[in-house]
Every structure is written in structure tokens, then in C-alpha cells.
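Chemist: can you look at this prediction? I've put the sequence above it.
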Amino acid sequence: MNVSSVDADLLDAVVRLVRLVETPVERKVLAPLITKEIIYRLLIGGQGARLNHILALGGDTRRISKAIGHPREHFDEQLKMEEIARELGMSVSGFHHHFKSVTSMSPLHFKSTFACRKHDG
């Protein structure tokens, strides 16, 4: 969605969470706490406003996240917005608006960007 630099405190929390992979007993107790810390640091950081916006969209964000999977899985097929919108229970214009608010790209731009990455990778 967006890219920004990571501050030292957030990076430290992520590293601590990754290190818990080696200690199952500690992971069970500490992982939920560190995960909450990471969420807190994300919300107060540079991406906080964007994350709050996504949370405010609620159900539409969940529906759009399902739609994001379609171009990823079918990047070589024609994007049929009418079908995707219908499957999500949205109008085409509503789908386009919500997709852009979640991803900062139109569905077609998202698909072309993803197809280029697939082709290059």
C-alpha cells in the first residue's frame, strides 16, 4: 500500500517477535504482547492515519481485500470489473472508489503493476 521508513522501536519489536520462533514456550506468552506493541507503533507512526482510514472503512476494506486477490491470481486474464463488483455486492463505481481508497490505485493500475512484477520476477 504505502512505503515509509521504519523507526528503531518498531524494528526492535519486529526483531523480538521473529526471534521468538526459536522459543516456543516464550512465543506462546510474549508473541501476543509484542504483536500488540507492533500494532500500537504502526498506529502512532507515519502510517497511522492510513491504517485508521482502512479500519474506518470496515466491511468495504474486507471486501476489497478479497478483490485484490483476483488480479494476483489471474494477472494474465482480462479484468472484468462488473463481475468482481457483483461478486462483492457492490456497484462498479462503488467498487472502483473503495478499491482506490484502500490501495491508492485504480483496479486496472493495480493489475498492470502486479502483472509487471510477475513478468519481471
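Modeler: Yep, it's here.
Chemist: residues in contact with Gly94?
Modeler: The contact partners of Gly94, by CB atoms under 8 Å, 6 or more residues apart in numbering, come to Ala85. Where C-beta positions appear, they are placed from N, C-alpha and C, glycine not excepted.
Chemist: roughly how far apart are it and Lys100?
Modeler: For Gly94, the distance to Lys100 (CB to CB, to the nearest Å) stands at 11 Å.
Chemist: what about the closest residue to Leu30 other than its chain neighbours, how many neighbours?
Modeler: Spatial nearest neighbour of Leu30, excluding adjacent residues (CB to CB, 6 or more residues apart in numbering): Leu20 at 5.9 Å. Counted with other CB atoms under 10 Å, residues neighbouring Leu20 total 16.
Chemist: now Arg63
Modeler: Neighbours around Arg63, by other CB under 10 Å: 21.
Chemist: what about whichever strand or helix holds Asp9, average pLDDT?
Modeler: Using DSSP states H and E, Asp9 sits in helix 8-19. Across helix 8-19, the average pLDDT comes to 94.
Chemist: please save the CA atoms from the lengthiest helix in the chain in PDB.
Modeler: Secondary structure of the chain per DSSP state H: the longest helix is helix 24-44. This file holds the C-alpha atoms of helix 24-44, laid out as PDB (Å, rounded to 0.1, in the frame of the first residue of the first chain):
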ATOM      1  CA  PRO A  24       8.000 -22.000  21.600                       C
ATOM      2  CA  VAL A  25       7.200 -21.500  25.400                       C
ATOM      3  CA  GLU A  26       8.200 -17.800  25.400                       C
ATOM      4  CA  ARG A  27       6.400 -17.400  22.000                       C
ATOM      5  CA  LYS A  28       3.100 -18.500  23.500                       C
ATOM      6  CA  VAL A  29       3.300 -15.800  26.200                       C
ATOM      7  CA  LEU A  30       5.200 -13.000  24.500                       C
ATOM      8  CA  ALA A  31       4.100 -13.100  20.900                       C
ATOM      9  CA  PRO A  32       0.600 -11.600  21.600                       C
ATOM     10  CA  LEU A  33       2.100  -8.800  23.600                       C
ATOM     11  CA  ILE A  34       4.800  -8.000  21.000                       C
ATOM     12  CA  THR A  35       2.100  -8.100  18.300                       C
ATOM     13  CA  LYS A  36       0.100  -5.600  20.200                       C
ATOM     14  CA  GLU A  37       3.200  -3.400  20.600                       C
ATOM     15  CA  ILE A  38       3.800  -3.600  16.800                       C
ATOM     16  CA  ILE A  39       0.200  -2.600  16.100                       C
ATOM     17  CA  TYR A  40       0.500   0.300  18.600                       C
ATOM     18  CA  ARG A  41       3.700   1.500  17.000                       C
ATOM     19  CA  LEU A  42       2.200   1.300  13.500                       C
ATOM     20  CA  LEU A  43      -0.800   3.300  14.600                       C
ATOM     21  CA  ILE A  44       1.200   6.100  16.200                       C
END
